[in-house]
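Trainee: Build me a model:
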Amino acid sequence: METKEILFSQDSNRFDTRKVLNRAANTTINPEILETIETEGLTSEILDRLNIPVFKYHTQITLHGIFDIDINTRIGGYKNLLLNQNKSLGIKYNAIDYLKKKQIAKYLKLYGFYFQRNSTGDLFIYSTGKKELALEIYNKIDVSAFYAKKHVMALNCYGMITYYVTVNLMAIYEAEIINFAIAVTGSNGTELQAKIEAKEQEDKLQAEKWEQEKIKDQAEREAKEKILNEQAAPMRAQISHLQECNDPSLGILVKVILKQSTFRDPEPDSLKFCFYRINGKGSFGRVKIQKAYSDTFEVNNLTWIDQKELKPVEIRLKGFKLIPTVKTYKPTSPEPCKNENTPVNGSLRLVYYSDKALAIVGDTKPVKDKLMSLGGRFNPFLTVDNQKTAGWIFPATKKETLQKSFSL
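Mentor: Numbers count the residues shown, from 1 in each chain. So this is what the prediction gives:
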């Protein structure tokens, strides 16, 4: 169970009182203002250039005038532009000075603060388990000269209390960024500037290190790839006469790959022939896929491994070649068994219904008990020779039993 308690809260008292009437009701605002907000973003400097009445409240600012426009703009992923009933435009604070707030977040991170956005504003938060430290940091913060609020909150989660010092910055001018960071951290300008320069130098050295590692890794990959290509050349020559194909429904596909060691298969990395095939129908329109590896280009004694069932459109293979003479699975359309025209009482037929099932169709009513005793299952909705008919379904393994029992 969680409980929250606001210990102290303070704002800058620089906010305007609520204005019910539109203070520029006779002025129709040019729609290009909204286009400016969309293209340039919304900053305190842009607000000053609009030359229309702007009122700053605790939760949003309001631009007065007649905004006769449809508003679909979302700044920073939030719906933060609102058309009021009096045709003025409300703008939530999370739409204003976003890039400046991100810059401030980098500075405050040096002092343990983290940055968080929500649907109403942008917050700089410091968390600690010590109440005295939280109150000390809270008391150092001076938001009186800015459009900002601060509060300290205790969150009790199953007996564990965490204290959060939160600063909600609404809007800020470019020239006030450093002053705001100083006001929140309680530091002086020299100390803050030294931390910023040290962090920038650290980031620069880290970026250079990552770039060197990237270049080294690239060189190692290219050297390894060159060696592998040389080693794989004889194996690729064995399948060079085959046609390129990425559709396993046409037959078995093959490709030379580097099979890498895994936790389940700790065999050392080695070049292998990789084979793919479809091994029948799956469920819900999917197909059964199998994969196999071999040191030689030989398909007769492969150990096939079942893969995840996929729909045909989901199979994405690249660089494979087709072995067209190898059949991957039996056709699934019904086809007659041998001696399928041999009747019992001139009325029964045995047909392949799928690759795993047989069907007996015709006048089955006189022998239904025998069909049931042999494990058959009656289905009134079979399709044989493209026609709807009733019949009995059996596993394909029952073929000889059925032929003997009914002389088929």
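Trainee: Going by C-alpha atoms from here, please, whenever you check contacts or count neighbours.
Mentor: Noted.
Trainee: Distance of Leu135 relative to Tyr163?
Mentor: If you measure Leu135 against Tyr163 using Cα to Cα, to the nearest Å, the figure is 9 Å.
Trainee: Those two: which is more packed in?
Mentor: The neighbour comparison of Leu135 against Tyr163 (other Cα atoms under 10 Å) goes to Tyr163, with 24 against 18.
Trainee: and whatever helix or strand that one lives in, what's its mean pLDDT?
Mentor: Assessed by DSSP states H and E, Tyr163 sits inside strand 160-171. For strand 160-171, the per-residue pLDDT values average out at 93.
Trainee: mind checking how far it is from the chain centre?
Mentor: A distance of 31 Å separates the centroid of the chain from that of strand 160-171, by Cα atoms, centre = their mean, to the nearest Å.
Trainee: For that strand, which helices and strands make contact with it?
Mentor: Where contact means 3 or more Cα pairs under 8 Å, 6 or more residues apart in numbering; DSSP states H and E, strand 160-171 is packed against strand 122-128, helix 131-140, strand 147-157.
Trainee: returning to what we had before: shared neighbours, Leu135 and Tyr163?
Mentor: Residues touching both Leu135 and Tyr163 (Cα atoms under 8 Å, 6 or more residues apart in numbering): Val152.
Trainee: give me the number of residues near the closest residue to Tyr164 other than its chain neighbours?
Mentor: If you skip the residues right next to it in sequence, Tyr164 has Ser127 as its closest partner in space, 4.5 Å away by Cα to Cα, 6 or more residues apart in numbering. A total of 19 residues lie near Ser127 under the criterion other Cα under 10 Å.
Trainee: didn't Gly112 look like it was pressed against Tyr126?
Mentor: Yes: under the criterion of Cα atoms under 8 Å, Gly112 lies in contact with Tyr126, with a separation of 6.3 Å.
Trainee: what about those two, which has more around it?
Mentor: For Gly112 versus Tyr126, the count of surrounding residues by other Cα under 10 Å is larger for Tyr126: 21 against 13.
Trainee: Next secondary structure after the helix or strand bottoming out on mean pLDDT in the chain?
Mentor: Taking mean pLDDT, DSSP states H and E as the measure, the chain has strand 335-336 as its least confident helix or strand, at a mean of 47. On the C-terminal side of strand 335-336, the closest following helix or strand by DSSP H and E is strand 348-354.
Trainee: for the helix or strand immediately after that following strand in the chain, packing partners?
Mentor: Counting by DSSP H and E, the next helix or strand C-terminal to strand 348-354 is strand 357-362. The helices and strands touching strand 357-362, judged by 3+ Cα pairs under 8 Å, 6+ apart, are strand 348-354, strand 387-395.
Trainee: Looking at those, which one is packed in the most?
Mentor: Counting by mean count of other Cα atoms under 10 Å, strand 348-354 has the highest mean neighbour count of the helices and strands packed on strand 357-362, with a mean of 22.
Trainee: May I see the buried residues of stretch 28-44?
Mentor: With burial defined by 16 or more other Cα atoms under 10 Å, the residues of stretch 28-44 counted as buried are Ile29, Leu34, Ile37, Gly41, Leu42, Thr43.
Trainee: The last one reaches Lys101, doesn't it?
Mentor: No: Thr43 sits out of contact with Lys101 when judged by Cα under 8 Å, with a separation of 10.7 Å.
Trainee: remind me which residues of the stretch 301-408 of the chain are low pLDDT?
Mentor: With pLDDT under 70 as the threshold, the stretch 301-408 of the chain has low-confidence stretches at 325-346.
Trainee: same thing but 50
Mentor: Low-confidence regions of the stretch 301-408 of the chain, defined here as pLDDT under 50, cover residues 326-345.
Trainee: Adding distance to Thr296 and mean pLDDT as columns, could you present the helices and strands packed on strand 160-171 in JSON lines?
Mentor: Supplementary listing: these in JSON lines, determined by distance: least, Cα to Cα, whole Å; pLDDT from 0 to 100:
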{"stretch": "strand 122-128", "distance to Thr296": "62", "mean pLDDT": "95"}
{"stretch": "helix 131-140", "distance to Thr296": "69", "mean pLDDT": "93"}
{"stretch": "strand 147-157", "distance to Thr296": "62", "mean pLDDT": "92"}
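Trainee: Can you add distance to Leu50 and give the ones you listed back as JSON lines?
Mentor: Compiled in JSON lines, the helices and strands packed on strand 160-171 are given as follows (distance: least, Cα to Cα, whole Å):
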{"stretch": "strand 122-128", "distance to Leu50": "24"}
{"stretch": "helix 131-140", "distance to Leu50": "35"}
{"stretch": "strand 147-157", "distance to Leu50": "19"}
